[in-house]
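**Q** show me the folded form of this:
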Amino acid sequence: MSEGIAKHGIFDPDTIRAIQAALPAEGALDSQRKAGYYMVPEGKRLTEYEQLCGYAIHTIDAMSGTEIGDYQQKHAGGRGAYSPEGTELKSSDWFLFRDPDKRWFLPYVKNKAEEGGYTKRYLEGYSASGEIRNVAPEWLNVIDRLYGGLVFMEYGLFGAHSAATKDCPADFLKIWISMAGFDKNDAAQMVQNQRVFINKILPSFPADLTDAKDAWLTDPVYARARKTVEDLWQDTYDWAESIWSVHGVFDPIFGQFVRREFFSKIAARYGDNLTPWILSQSLTYFETAKKGTVKLMTNILPSDENVGEHNKRVITAWTEKWLPETIKSLKGFMGAYAQLPYPIEGVTDIDSVTASVRRVIADWKEDYADPLGIAVDIEALVSDVMSGYQEVK
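**A** Okay, here's the model as predicted:
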(Lines give C-alpha, C1' and ligand atoms only; values in the text may rest on other atoms or scores of the structure.)
Protein backbone atom coordinates (compact mmCIF):
# COMPACT_ATOMS: atom_id res chain seq x y z
CA MET A 1 0.00 0.00 0.00
CA SER A 2 1.50 3.36 -1.05
CA GLU A 3 -0.22 6.77 -0.92
CA GLY A 4 -3.59 5.09 -0.42
CA ILE A 5 -3.32 3.12 -3.67
CA ALA A 6 -3.34 -0.71 -3.50
CA LYS A 7 -0.45 -2.24 -5.42
CA HIS A 8 0.81 -5.75 -6.00
CA GLY A 9 3.68 -6.35 -3.60
CA ILE A 10 6.13 -7.11 -6.36
CA PHE A 11 5.70 -3.62 -7.82
CA ASP A 12 5.43 -1.71 -4.57
CA PRO A 13 8.62 0.39 -4.20
CA ASP A 14 8.62 -0.08 -0.43
CA THR A 15 8.48 -3.86 -0.83
CA ILE A 16 11.25 -3.81 -3.46
CA ARG A 17 13.52 -1.79 -1.18
CA ALA A 18 12.83 -4.17 1.72
CA ILE A 19 13.74 -7.18 -0.44
CA GLN A 20 16.94 -5.53 -1.65
CA ALA A 21 17.96 -4.63 1.89
CA ALA A 22 17.45 -8.23 3.00
CA LEU A 23 19.71 -9.70 0.29
CA PRO A 24 23.00 -11.05 1.68
CA ALA A 25 26.23 -9.33 0.84
CA GLU A 26 28.11 -10.51 -2.22
CA GLY A 27 29.96 -13.73 -1.48
CA ALA A 28 27.90 -14.53 1.62
CA LEU A 29 25.74 -17.14 -0.07
CA ASP A 30 26.43 -20.85 0.39
CA SER A 31 28.46 -21.73 -2.70
CA GLN A 32 27.57 -25.42 -2.30
CA ARG A 33 23.85 -24.79 -2.67
CA LYS A 34 23.09 -24.06 -6.30
CA ALA A 35 19.29 -23.71 -6.24
CA GLY A 36 16.35 -22.94 -4.03
CA TYR A 37 17.47 -19.79 -2.23
CA TYR A 38 13.82 -18.82 -2.12
CA MET A 39 13.25 -21.17 0.83
CA VAL A 40 15.00 -22.28 4.00
CA PRO A 41 15.71 -26.03 4.01
CA GLU A 42 14.53 -28.14 6.91
CA GLY A 43 17.97 -29.76 7.11
CA LYS A 44 21.39 -28.61 6.02
CA ARG A 45 20.58 -28.86 2.32
CA LEU A 46 17.43 -28.67 0.24
CA THR A 47 16.06 -32.11 -0.52
CA GLU A 48 14.58 -33.13 -3.84
CA TYR A 49 11.18 -33.16 -2.12
CA GLU A 50 11.59 -29.52 -1.06
CA GLN A 51 12.81 -28.31 -4.44
CA LEU A 52 9.91 -30.01 -6.23
CA CYS A 53 7.14 -29.01 -3.81
CA GLY A 54 8.01 -25.40 -2.90
CA TYR A 55 6.28 -23.51 -5.68
CA ALA A 56 5.01 -20.10 -4.55
CA ILE A 57 6.55 -19.15 -1.25
CA HIS A 58 4.78 -16.45 0.69
CA THR A 59 3.74 -16.13 4.31
CA ILE A 60 0.29 -14.67 4.73
CA ASP A 61 0.69 -13.39 8.28
CA ALA A 62 3.82 -11.46 7.32
CA MET A 63 2.88 -10.35 3.79
CA SER A 64 -0.89 -10.12 3.85
CA GLY A 65 -2.44 -8.64 0.73
CA THR A 66 0.50 -8.95 -1.65
CA GLU A 67 -1.48 -11.33 -3.88
CA ILE A 68 1.67 -13.17 -4.92
CA GLY A 69 0.87 -16.71 -5.96
CA ASP A 70 -2.85 -16.35 -5.32
CA TYR A 71 -5.16 -18.57 -7.37
CA GLN A 72 -7.77 -15.80 -7.30
CA GLN A 73 -7.93 -12.22 -6.14
CA LYS A 74 -10.73 -12.48 -3.61
CA HIS A 75 -13.35 -14.86 -2.26
CA ALA A 76 -16.97 -13.79 -2.42
CA GLY A 77 -17.38 -11.22 0.32
CA GLY A 78 -13.86 -9.85 -0.01
CA ARG A 79 -11.65 -12.33 1.85
CA GLY A 80 -8.32 -12.84 0.13
CA ALA A 81 -7.38 -16.16 -1.44
CA TYR A 82 -4.79 -16.98 1.23
CA SER A 83 -5.82 -14.57 3.95
CA PRO A 84 -5.17 -15.31 7.64
CA GLU A 85 -8.93 -15.53 8.18
CA GLY A 86 -8.89 -19.05 6.70
CA THR A 87 -8.03 -20.45 10.12
CA GLU A 88 -8.00 -19.43 13.78
CA LEU A 89 -4.44 -20.75 14.01
CA LYS A 90 -1.50 -18.44 13.42
CA SER A 91 2.09 -19.01 12.36
CA SER A 92 5.24 -16.97 12.05
CA ASP A 93 6.08 -19.13 9.05
CA TRP A 94 3.61 -21.56 7.50
CA PHE A 95 6.44 -22.99 5.40
CA LEU A 96 8.19 -24.63 8.33
CA PHE A 97 6.15 -27.79 7.81
CA ARG A 98 7.58 -30.63 5.77
CA ASP A 99 5.91 -34.00 5.23
CA PRO A 100 7.80 -36.47 7.47
CA ASP A 101 7.65 -38.99 4.61
CA LYS A 102 8.71 -36.38 2.03
CA ARG A 103 6.02 -37.54 -0.38
CA TRP A 104 5.55 -35.85 -3.73
CA PHE A 105 3.46 -37.00 -6.65
CA LEU A 106 5.79 -39.45 -8.42
CA PRO A 107 6.74 -41.58 -5.38
CA TYR A 108 3.13 -41.33 -4.17
CA VAL A 109 1.82 -42.82 -7.42
CA LYS A 110 4.64 -45.38 -7.43
CA ASN A 111 3.64 -46.54 -3.97
CA LYS A 112 0.01 -46.83 -5.05
CA ALA A 113 1.05 -48.86 -8.08
CA GLU A 114 3.06 -51.20 -5.87
CA GLU A 115 0.11 -51.61 -3.53
CA GLY A 116 -2.11 -52.37 -6.51
CA GLY A 117 0.36 -54.99 -7.72
CA TYR A 118 0.60 -56.97 -4.52
CA THR A 119 -3.15 -56.62 -3.96
CA LYS A 120 -3.76 -58.19 -7.36
CA ARG A 121 -1.39 -61.06 -6.55
CA TYR A 122 -2.98 -61.64 -3.15
CA LEU A 123 -6.50 -61.70 -4.56
CA GLU A 124 -5.46 -64.11 -7.30
CA GLY A 125 -4.01 -66.47 -4.70
CA TYR A 126 -7.04 -66.10 -2.44
CA SER A 127 -9.37 -66.97 -5.28
CA ALA A 128 -7.29 -69.89 -6.57
CA SER A 129 -7.03 -71.51 -3.13
CA GLY A 130 -10.75 -71.22 -2.44
CA GLU A 131 -10.27 -69.48 0.89
CA ILE A 132 -13.76 -68.00 0.71
CA ARG A 133 -15.02 -71.47 1.72
CA ASN A 134 -13.58 -70.88 5.21
CA VAL A 135 -15.73 -67.82 5.86
CA ALA A 136 -18.83 -68.23 8.02
CA PRO A 137 -21.85 -67.41 5.81
CA GLU A 138 -23.37 -65.27 8.58
CA TRP A 139 -20.23 -63.12 8.68
CA LEU A 140 -20.70 -62.24 5.01
CA ASN A 141 -23.88 -60.42 6.02
CA VAL A 142 -21.76 -58.24 8.33
CA ILE A 143 -19.29 -57.62 5.49
CA ASP A 144 -22.16 -56.63 3.22
CA ARG A 145 -23.80 -54.14 5.59
CA LEU A 146 -21.58 -52.88 8.38
CA TYR A 147 -18.21 -53.32 6.69
CA GLY A 148 -19.63 -51.80 3.52
CA GLY A 149 -20.54 -48.75 5.60
CA LEU A 150 -16.84 -47.95 5.81
CA VAL A 151 -17.01 -46.92 2.15
CA PHE A 152 -19.19 -43.98 3.12
CA MET A 153 -17.23 -43.12 6.26
CA GLU A 154 -13.87 -43.04 4.49
CA TYR A 155 -15.28 -41.16 1.50
CA GLY A 156 -16.83 -38.58 3.81
CA LEU A 157 -13.47 -38.05 5.51
CA PHE A 158 -11.90 -37.73 2.06
CA GLY A 159 -14.35 -34.94 1.26
CA ALA A 160 -13.34 -33.08 4.42
CA HIS A 161 -9.91 -32.46 2.85
CA SER A 162 -11.21 -30.49 -0.14
CA ALA A 163 -11.51 -27.02 1.43
CA ALA A 164 -8.36 -27.56 3.49
CA THR A 165 -6.35 -28.33 0.36
CA LYS A 166 -7.63 -25.17 -1.30
CA ASP A 167 -7.38 -22.75 1.62
CA CYS A 168 -4.18 -23.70 3.45
CA PRO A 169 -1.44 -21.14 2.75
CA ALA A 170 1.66 -23.23 1.99
CA ASP A 171 2.57 -25.59 -0.83
CA PHE A 172 4.03 -28.23 1.49
CA LEU A 173 0.80 -28.27 3.48
CA LYS A 174 -1.34 -28.47 0.36
CA ILE A 175 0.52 -31.48 -0.98
CA TRP A 176 0.50 -33.32 2.34
CA ILE A 177 -3.20 -32.61 2.95
CA SER A 178 -4.23 -33.62 -0.57
CA MET A 179 -2.33 -36.91 -0.33
CA ALA A 180 -3.82 -37.64 3.10
CA GLY A 181 -7.21 -37.02 1.50
CA PHE A 182 -6.53 -39.30 -1.45
CA ASP A 183 -5.44 -42.01 1.00
CA LYS A 184 -8.92 -41.79 2.49
CA ASN A 185 -10.47 -42.10 -0.97
CA ASP A 186 -8.21 -45.09 -1.62
CA ALA A 187 -9.35 -46.67 1.66
CA ALA A 188 -12.99 -46.33 0.61
CA GLN A 189 -12.31 -47.81 -2.81
CA MET A 190 -10.37 -50.74 -1.35
CA VAL A 191 -13.34 -51.73 0.82
CA GLN A 192 -15.58 -51.69 -2.24
CA ASN A 193 -12.89 -53.45 -4.27
CA GLN A 194 -13.01 -56.27 -1.73
CA ARG A 195 -16.78 -56.50 -1.98
CA VAL A 196 -16.70 -56.61 -5.80
CA PHE A 197 -14.02 -59.30 -5.62
CA ILE A 198 -16.12 -61.45 -3.28
CA ASN A 199 -19.03 -61.14 -5.71
CA LYS A 200 -16.84 -62.49 -8.52
CA ILE A 201 -15.96 -65.65 -6.61
CA LEU A 202 -19.29 -65.90 -4.76
CA PRO A 203 -22.05 -64.49 -7.01
CA SER A 204 -24.65 -64.68 -4.23
CA PHE A 205 -22.79 -61.90 -2.42
CA PRO A 206 -24.03 -58.46 -3.58
CA ALA A 207 -21.44 -56.24 -5.26
CA ASP A 208 -23.58 -53.10 -5.08
CA LEU A 209 -23.74 -50.85 -2.02
CA THR A 210 -27.49 -50.98 -1.45
CA ASP A 211 -27.30 -52.77 1.90
CA ALA A 212 -24.21 -50.85 2.99
CA LYS A 213 -25.84 -47.52 2.18
CA ASP A 214 -28.92 -48.55 4.15
CA ALA A 215 -26.71 -49.41 7.13
CA TRP A 216 -24.88 -46.07 6.91
CA LEU A 217 -28.09 -44.07 6.61
CA THR A 218 -30.49 -45.95 8.90
CA ASP A 219 -28.68 -48.34 11.26
CA PRO A 220 -28.29 -46.93 14.81
CA VAL A 221 -24.77 -48.37 14.81
CA TYR A 222 -23.66 -45.65 12.38
CA ALA A 223 -26.20 -42.91 13.15
CA ARG A 224 -23.97 -40.74 15.32
CA ALA A 225 -20.84 -41.40 13.26
CA ARG A 226 -22.68 -40.38 10.10
CA LYS A 227 -23.73 -37.09 11.65
CA THR A 228 -20.19 -36.42 12.85
CA VAL A 229 -18.69 -37.17 9.44
CA GLU A 230 -21.28 -34.93 7.79
CA ASP A 231 -20.37 -32.11 10.18
CA LEU A 232 -16.66 -32.64 9.58
CA TRP A 233 -17.19 -32.36 5.85
CA GLN A 234 -20.00 -29.84 5.42
CA ASP A 235 -20.05 -27.61 8.50
CA THR A 236 -16.37 -26.99 9.24
CA TYR A 237 -15.06 -23.85 7.56
CA ASP A 238 -11.66 -23.51 9.18
CA TRP A 239 -9.18 -25.47 7.08
CA ALA A 240 -6.92 -26.33 10.04
CA GLU A 241 -9.88 -27.40 12.16
CA SER A 242 -10.86 -29.78 9.35
CA ILE A 243 -7.45 -31.43 9.52
CA TRP A 244 -7.33 -31.64 13.31
CA SER A 245 -10.92 -32.86 13.70
CA VAL A 246 -10.35 -35.66 11.17
CA HIS A 247 -6.73 -36.68 11.79
CA GLY A 248 -6.34 -35.48 15.37
CA VAL A 249 -9.60 -36.63 16.98
CA PHE A 250 -12.17 -38.63 15.01
CA ASP A 251 -10.02 -41.00 12.96
CA PRO A 252 -7.52 -41.89 15.73
CA ILE A 253 -10.41 -42.93 17.99
CA PHE A 254 -13.47 -43.98 15.99
CA GLY A 255 -11.66 -44.89 12.77
CA GLN A 256 -8.94 -46.89 14.48
CA PHE A 257 -11.39 -48.76 16.67
CA VAL A 258 -13.61 -49.75 13.77
CA ARG A 259 -10.74 -50.76 11.49
CA ARG A 260 -8.26 -52.26 13.97
CA GLU A 261 -10.18 -53.38 17.03
CA PHE A 262 -13.42 -54.50 15.38
CA PHE A 263 -13.16 -55.67 11.76
CA SER A 264 -9.47 -56.60 11.62
CA LYS A 265 -9.53 -58.33 14.99
CA ILE A 266 -12.83 -60.15 14.62
CA ALA A 267 -12.84 -61.15 10.94
CA ALA A 268 -10.31 -63.98 11.21
CA ARG A 269 -12.36 -65.57 14.01
CA TYR A 270 -15.11 -66.09 11.44
CA GLY A 271 -12.69 -67.54 8.89
CA ASP A 272 -12.15 -64.24 7.03
CA ASN A 273 -8.47 -63.54 6.34
CA LEU A 274 -9.23 -61.16 3.48
CA THR A 275 -10.67 -58.25 5.48
CA PRO A 276 -7.64 -57.80 7.80
CA TRP A 277 -5.35 -57.86 4.78
CA ILE A 278 -7.33 -55.17 2.95
CA LEU A 279 -7.56 -53.00 6.06
CA SER A 280 -3.82 -53.25 6.68
CA GLN A 281 -3.38 -50.67 3.92
CA SER A 282 -5.78 -48.27 5.67
CA LEU A 283 -3.87 -48.77 8.92
CA THR A 284 -0.68 -47.83 7.08
CA TYR A 285 -2.35 -44.70 5.69
CA PHE A 286 -3.41 -43.80 9.23
CA GLU A 287 0.16 -43.97 10.52
CA THR A 288 1.36 -41.81 7.61
CA ALA A 289 -1.25 -39.12 8.34
CA LYS A 290 -0.53 -39.37 12.05
CA LYS A 291 3.13 -38.43 11.61
CA GLY A 292 2.26 -35.26 9.70
CA THR A 293 -0.60 -34.30 12.02
CA VAL A 294 1.49 -34.70 15.15
CA LYS A 295 4.38 -32.76 13.62
CA LEU A 296 2.21 -29.82 12.56
CA MET A 297 -0.39 -29.63 15.31
CA THR A 298 1.51 -30.73 18.42
CA ASN A 299 4.99 -29.52 17.53
CA ILE A 300 5.41 -26.75 14.96
CA LEU A 301 2.36 -24.60 15.66
CA PRO A 302 2.28 -24.87 19.48
CA SER A 303 6.03 -24.19 19.73
CA ASP A 304 5.89 -20.99 17.65
CA GLU A 305 7.60 -18.44 19.89
CA ASN A 306 5.21 -15.68 18.83
CA VAL A 307 1.80 -17.39 18.70
CA GLY A 308 2.34 -20.86 20.15
CA GLU A 309 0.19 -20.36 23.26
CA HIS A 310 -2.62 -19.01 21.13
CA ASN A 311 -2.44 -22.10 18.93
CA LYS A 312 -2.53 -24.42 21.94
CA ARG A 313 -5.70 -22.75 23.17
CA VAL A 314 -7.37 -23.03 19.76
CA ILE A 315 -6.44 -26.69 19.22
CA THR A 316 -7.57 -27.50 22.76
CA ALA A 317 -10.92 -25.83 22.05
CA TRP A 318 -11.30 -27.87 18.85
CA THR A 319 -10.54 -31.02 20.79
CA GLU A 320 -13.17 -30.17 23.37
CA LYS A 321 -15.63 -29.64 20.51
CA TRP A 322 -14.97 -32.86 18.56
CA LEU A 323 -14.03 -35.35 21.28
CA PRO A 324 -17.58 -35.61 22.70
CA GLU A 325 -18.97 -36.17 19.19
CA THR A 326 -16.38 -38.85 18.53
CA ILE A 327 -17.14 -40.62 21.82
CA LYS A 328 -20.86 -40.55 21.01
CA SER A 329 -20.05 -42.05 17.60
CA LEU A 330 -18.06 -44.88 19.17
CA LYS A 331 -20.73 -45.45 21.81
CA GLY A 332 -23.27 -45.92 19.02
CA PHE A 333 -20.99 -48.34 17.19
CA MET A 334 -20.95 -50.63 20.24
CA GLY A 335 -24.28 -51.93 18.97
CA ALA A 336 -22.37 -53.66 16.17
CA TYR A 337 -21.40 -56.44 18.58
CA ALA A 338 -25.05 -57.45 18.85
CA GLN A 339 -25.14 -57.97 15.06
CA LEU A 340 -22.31 -60.51 15.02
CA PRO A 341 -23.24 -64.12 14.14
CA TYR A 342 -22.21 -65.54 17.52
CA PRO A 343 -20.04 -64.55 20.49
CA ILE A 344 -16.28 -65.17 20.50
CA GLU A 345 -14.66 -65.83 23.85
CA GLY A 346 -11.86 -63.40 24.59
CA VAL A 347 -12.92 -61.05 21.80
CA THR A 348 -16.56 -59.97 22.01
CA ASP A 349 -17.19 -60.29 25.76
CA ILE A 350 -17.51 -57.10 27.76
CA ASP A 351 -14.04 -57.29 29.32
CA SER A 352 -12.33 -57.78 25.96
CA VAL A 353 -14.29 -54.98 24.29
CA THR A 354 -13.56 -52.67 27.22
CA ALA A 355 -9.85 -53.40 26.82
CA SER A 356 -10.08 -52.57 23.09
CA VAL A 357 -11.81 -49.26 23.78
CA ARG A 358 -9.29 -48.39 26.48
CA ARG A 359 -6.39 -49.22 24.16
CA VAL A 360 -7.60 -46.89 21.41
CA ILE A 361 -8.36 -43.99 23.76
CA ALA A 362 -5.05 -44.42 25.62
CA ASP A 363 -3.18 -44.40 22.29
CA TRP A 364 -4.96 -41.20 21.30
CA LYS A 365 -4.19 -39.55 24.63
CA GLU A 366 -0.49 -40.41 24.41
CA ASP A 367 -0.02 -39.36 20.78
CA TYR A 368 -2.29 -36.33 20.47
CA ALA A 369 -3.57 -34.98 23.80
CA ASP A 370 -0.52 -35.30 26.04
CA PRO A 371 1.84 -33.25 23.82
CA LEU A 372 -0.65 -30.37 24.00
CA GLY A 373 -1.21 -30.70 27.73
CA ILE A 374 -4.89 -31.60 27.26
CA ALA A 375 -6.28 -33.38 30.33
CA VAL A 376 -8.04 -36.65 29.46
CA ASP A 377 -9.88 -38.97 31.85
CA ILE A 378 -9.44 -42.27 30.05
CA GLU A 379 -11.66 -44.31 32.36
CA ALA A 380 -14.52 -41.81 32.15
CA LEU A 381 -14.42 -41.92 28.35
CA VAL A 382 -14.21 -45.72 28.32
CA SER A 383 -17.19 -45.94 30.68
CA ASP A 384 -19.20 -43.59 28.45
CA VAL A 385 -18.46 -45.64 25.33
CA MET A 386 -19.15 -48.99 27.00
CA SER A 387 -22.58 -47.82 28.15
CA GLY A 388 -23.57 -48.43 24.53
CA TYR A 389 -22.22 -52.01 24.45
CA GLN A 390 -24.74 -54.70 23.61
CA GLU A 391 -23.57 -58.24 24.19
CA VAL A 392 -23.69 -60.76 21.36
CA LYS A 393 -26.55 -63.16 21.96
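**Q** what sits against the closest residue to Pro371 other than its chain neighbours?
**A** Counting by Cβ to Cβ, 6 or more residues apart in numbering, Pro371 lies nearest to Thr298, which is 3.9 Å off, once chain neighbours are set aside. Bear in mind the C-beta positions are built from the backbone N, C-alpha and C, glycine included. Shown in contact with Thr298 (Cβ atoms under 8 Å, 6 or more residues apart in numbering): 368, 371-372.
**Q** which helix runs longest in the protein?
**A** Across the chain, the helix with the greatest residue count (assigned by DSSP state H) is helix 171-201.
**Q** report the angle between the helix or strand following it and helix 171-201.
**A** Using DSSP states H and E, the next helix or strand after helix 171-201 towards the C-terminus is helix 210-218. For helix 210-218 against helix 171-201, the angle by axes from the mean of the first three to the mean of the last three Cα atoms, to 10 degrees is 130 degrees.
**Q** quick check: Pro190 vs Lys112, distance?
**A** Not quite, residue 190 is Met, not Pro. 11 Å (Cβ to Cβ, to the nearest Å).
**Q** out of these two, which sits in the busier spot?
**A** Met190 (21 against 14; other Cβ atoms under 10 Å).
**Q** name the helix or strand for the nearest residue to the more buried one once chain neighbours are set aside, please.
**A** Distance criterion Cβ to Cβ, 6+ apart; nearest residue to Met190, sequence neighbours excluded, is Ile278 at 5.5 Å. Assessed by DSSP H and E, Ile278 sits inside helix 274-295.
**Q** quick one: buried residues of that helix?
**A** 274-279, 281-283, 285-286, 288-290, 292-295 (16 or more other Cβ atoms under 10 Å).
**Q** report the buried residues of the helix or strand just after it.
**A** With elements assigned by DSSP H and E, the helix or strand that comes after helix 274-295 is helix 308-333. Using 16+ other Cβ under 10 Å as the test for burial, helix 308-333 gives 308, 311-312, 314-316, 318-319, 322-323, 325-333.
**Q** one more: stretch 206-216?
**A** 206, 209, 211-212, 215-216.
**Q** and for stretch 129-143?
**A** For stretch 129-143, by 16+ other Cβ under 10 Å, it's 132, 135, 139-143.
**Q** wait, which of those is closest to Ile253?
**A** Nearest to Ile253 out of the buried residues of stretch 129-143 is Val142 (Cβ to Cβ; 21.6 Å).
**Q** coming back round to it: next, format the contacts of Thr298 as JSON lines and append neighbour count.
**A** As requested, these are exported to JSON lines (neighbours: other Cβ atoms under 10 Å):
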{"residue": "Tyr368", "neighbour count": "24"}
{"residue": "Pro371", "neighbour count": "14"}
{"residue": "Leu372", "neighbour count": "18"}
